[in-house]
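Enquirer: based on what follows, work out the 3D shape:
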Amino acid sequence: MPRGQRKYSEEFKNTIVELYNSGKNLSELSSKYGISNSTISSWLKKAKPINIDNKGTTITVAEYQAMLKKMARLE
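Expert: You can find the predicted model right below:
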């Protein structure tokens, strides 16, 4: 891991995403928790839902990426 880089738990990342979705802004979360705006933005991007069919089924970007990796392994 590069020097100065911290590892955050999935639970912590999800909490930050939930706080953002409940109305907190990036700069507020960044200053309160000591996390860069770009780090929080990447977590938000991965948690953003994607519609996968006409029935309204959604998955997150992170789930989609994990599915692609699993499919590649299976091939």
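Enquirer: neighbours around residue 16, how many?
Expert: A count of neighbours around residue 16, defined by other Cβ atoms under 10 Å, yields 21. All C-beta spots, glycine's among them, are computed from the backbone N, C-alpha and C.
Enquirer: so it, which state does it fall into?
Expert: Put simply, residue 16 is helix when judged by DSSP: H, G, I helix; E, B strand; the rest coil.
Enquirer: check contacts around it.
Expert: Residues near residue 16 by Cβ atoms under 8 Å, 6 or more residues apart in numbering: 29, 33, 35, 40, 43.
Enquirer: could you say what helices and strands the host helix or strand of the first one packs with?
Expert: Going back to what we said before, that points to residue 29. Per DSSP states H and E, residue 29 falls inside helix 26-33. Counting contacts by 3 or more Cβ pairs under 8 Å, 6 or more residues apart in numbering; DSSP states H and E, helix 26-33 packs against helix 10-21, helix 37-47.
Enquirer: regarding the protein, what is its longest helix?
Expert: Ranked by residue count, the top helix of the chain under DSSP state H comes out as helix 61-74.
Enquirer: could you list the low-pLDDT ranges of this structure?
Expert: Scanning the chain for pLDDT under 70 picks out 1-4.
Enquirer: what residue is smack in the middle of it?
Expert: Central residue of the chain (Cα atoms, centre = their mean): residue 43, 2.8 Å from the mean position.
Enquirer: what's the closest non-adjacent residue to that one?
Expert: Nearest in space to residue 43, with sequence neighbours left out and distances taken as Cβ to Cβ, 6 or more residues apart in numbering, is residue 13 at 4.9 Å.
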